[in-house]
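**Student:** whatever this is, show me its structure:
(one chain, ligands or ions: 2)
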Amino acid sequence: MLTGTEVLTTAQMRAIESAAMASGQVTGLELMERAGRAVAGHIRLRWPKAGCVTVLCGPGNNGGDGYVVARLLHRAGWRVRVLGTENMPGPDAAEMKQRWAEIGGIGPLTERGLQGGPESDVYVDAIFGTGLTRPPEGEIASILARIFGRGGDGAYHCSRVVAVDCPSGLCMDSGKAPALPPGRGTFDSPARLTVAFDSPKPGHLIGLGPMLCGELIVADIGLIQWRERNLASRGRRPVRLEAIWPRFDIPDARRIEFSLTDRLGKHPFASQHKYSHGHALVLAGGPAKGGAARLSARAALRIGAGLVTLAPPQDALPEYSSPPDALMRRALDDGDALRGALDDTRINAACIGPGCGIDRAAALLAVLLPTGRGTVLDADALTALSQDPGLMAALHGRCILTPHGGEFARLFPDLAEKVEATPSQWPAYSKLDAAREAAARCGAVVLLKGPDTVIAAPDGRARIHSAFDIPWLATAGAGDVLAGIITGLLARGFQPLDAASLGTLIHAQAARLFGPGLIADDLSEMIPQVLRDLA
Ligand SMILES: NC(=O)C1=CN([C@@H]2O[C@H](COP(=O)(O)OP(=O)(O)OC[C@H]3O[C@@H](n4cnc5c(N)ncnc54)[C@H](O)[C@@H]3O)[C@@H](O)[C@H]2O)[C@@H](O)CC1
Ligand SMILES: [K+]
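**Tutor:** Ligands and ions are numbered 1, 2, ... in the order given. Presented below is the predicted three-dimensional model:
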């Protein structure tokens, strides 16, 4: 079964918390106690033997959670050192600060304060949560650099950091974190654990979020009824953002079961023949264009398209004669030949781009797009698209674009620039925002690839898949296989957003199952096992 969870923006989260408090059924103080209890509980699960902890408390309610964690760990026998800011926080955090002050002292939240005490077994980062409004600066930025990077003394505190709600300095809407140590390669010792509240936020899943969060746990703090009321009260169907990540640790109440996988198996009682599983057409390139289209075609077959036809021009046909024998082959020299082939309405999905050649892709797209067929556009087709506004205008809701970052920047340079810009205030413009804006602009599903893949539909729905755990998937030809899997799913009748999401997940699962040493050819061979596991 494919499961995931809804992802909430920080604004949605705040609205739900406010609705809960306004109902009079729960106070902010109680929510803070629950949040702190969840964090302290997970610390005690990870470190059953009480040790020494330093709790870093910021100026707002995230800091308030930190004072609760300090109190509860003290009660459990931990030696607790608290560093806090001097400001007067809001009433709930002030109350929690006072309750801690009756137990122990509060040192200054400064670099010197942090360095001054003994080495701790665990550092609790309760400096900033959803209330971050701009990148941290000065003393606090130095502290964050120290706990999330290599400190001035060369010590790593990172592997023992437990982040409350999020690593401080991370924009929870975008996954950007300009104050934290730059460059992914330097995060060789990320925070050990992040305990987020109610639901993941986009920043936990995209950008630097997964690297900084380490293990992510989403704790239920009892907000579900207000969440549903709040979403329903908007009077229209909310535009949902979902995470599809089978390893995700989420409360049962937050688990969404996608029914998509039911349809992957062949129904035992229906009288079906191969055409009821669709016919996918993979448009291949001329001589010496390599095996990209073959990888796509093989994947489309493996995912269960009833028929797959690989279609190069006549002079390249002999190059496409290698197995699998189940593939059909047909020469299609140009747009006219394609027009003729598409008279067969049983061809219900097409893959164009891998190994196709840019000019050929442009000529074939000009015929293919007006037919409204389910179409996956990858590689050379994306380049062709970026060079021809007429083709861009011909995109439709059954198209799926699968760009990596570079291809996306050629297609939507203004959006890519906004993603790259250094943010000066939150929420920062994110890869998710860019994918959504691109999908709305071009009227097609946009699957923006990366270790954090974002899939956005023109109506605003979006899904996130994090694959930071499988770096070996970044290998030549993996994208061609993904395009083939998605084409096969389109042929099988999945809606474009579902085909793209399910395809992304199956592709990643195949890589997980295979492990390091993977080459793109291996991915399709793992698909049967992935399908068995998903059933
Ligand atoms: N609202 C609620 O009901 C609950 C909130 N909870 C916690 O509260 C957090 C949100 O609390 P807040 O909204 O108070 O926000 P934060 O505690 O994240 O931080 C807000 C404070 O930091 C300041 N600030 C923001 N950016 C800064 C920067 N770059 N440099 C210096 N100061 C900066 C703000 O002016 C404000 O004083 C959540 O992440 C969660 O941890 C939990 O206690 C559960 C319940
Ligand atoms: K935090």
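
**Student:** rest of the way, CA atoms for contacts and neighbours
**Tutor:** OK.

**Student:** do a quick rundown of the helices in the stretch 1-150 of the chain.
**Tutor:** Shown for the stretch 1-150 of the chain, the helices assigned by DSSP state H, counting those that start in this stretch span residues 10-22, 28-46, 61-75, 91-101, 111-116, 138-148.

**Student:** closest one to ligand 2 among those helices?
**Tutor:** Checking those against ligand 2 by CA to the ion gives helix 61-75 as the closest, at 6.2 Å.

**Student:** picking up where we left off before, make TSV from the helices of the stretch 1-150 of the chain and add mean neighbour count, distance to Asp220 and mean pLDDT to it.
**Tutor:** As requested, the helices of the stretch 1-150 of the chain are arranged in TSV below (neighbours: other CA atoms under 10 Å; distance: least, CA to CA, whole Å; pLDDT from 0 to 100):
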stretch	mean neighbour count	distance to Asp220	mean pLDDT
helix 10-22	18	13	92
helix 28-46	20	8	97
helix 61-75	27	15	98
helix 91-101	19	19	97
helix 111-116	14	31	88
helix 138-148	20	26	85
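
**Student:** let's have those in JSON lines, adding distance to ligand 1.
**Tutor:** Converted to JSON lines, the helices of the stretch 1-150 of the chain look like this (distance: least, CA to the nearest ligand atom, whole Å):
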{"stretch": "helix 10-22", "distance to ligand 1": "5"}
{"stretch": "helix 28-46", "distance to ligand 1": "4"}
{"stretch": "helix 61-75", "distance to ligand 1": "4"}
{"stretch": "helix 91-101", "distance to ligand 1": "8"}
{"stretch": "helix 111-116", "distance to ligand 1": "15"}
{"stretch": "helix 138-148", "distance to ligand 1": "7"}
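
**Student:** could you redo these as CSV and give each row distance to Ala163?
**Tutor:** Formatted as CSV, these follow (distance: least, CA to CA, whole Å):
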stretch, distance to Ala163
helix 10-22, 17
helix 28-46, 9
helix 61-75, 10
helix 91-101, 17
helix 111-116, 16
helix 138-148, 10
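
**Student:** using PDB, list the CA coordinates for the host helix or strand of Leu415.
**Tutor:** Per DSSP states H and E, Leu415 falls inside helix 413-420. Only the C-alpha atoms of helix 413-420 are listed here, as PDB (Å, rounded to 0.1, in the frame of the first residue of the first chain):
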ATOM      1  CA  PRO A 413      14.300  30.900 -16.600                       C
ATOM      2  CA  ASP A 414      12.500  33.500 -14.500                       C
ATOM      3  CA  LEU A 415      11.200  30.900 -12.000                       C
ATOM      4  CA  ALA A 416      14.600  29.200 -11.700                       C
ATOM      5  CA  GLU A 417      16.200  32.600 -11.000                       C
ATOM      6  CA  LYS A 418      13.700  33.200  -8.200                       C
ATOM      7  CA  VAL A 419      14.500  29.800  -6.600                       C
ATOM      8  CA  GLU A 420      18.200  30.500  -6.800                       C
END
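
**Student:** buried set for that helix?
**Tutor:** Neighbour counts using 16 or more other CA atoms under 10 Å place Leu415, Ala416, Lys418, Val419 of helix 413-420 among the buried residues.

**Student:** check stretch 386-402 too.
**Tutor:** Ser386, Leu391, Met392, Ala394, Leu395, His396, Gly397, Arg398, Cys399, Ile400, Leu401, Thr402.

**Student:** can you check stretch 120-136 too?
**Tutor:** 120-132, 134-136.

**Student:** and it, what's its mean pLDDT?
**Tutor:** Mean pLDDT, stretch 120-136: 93.
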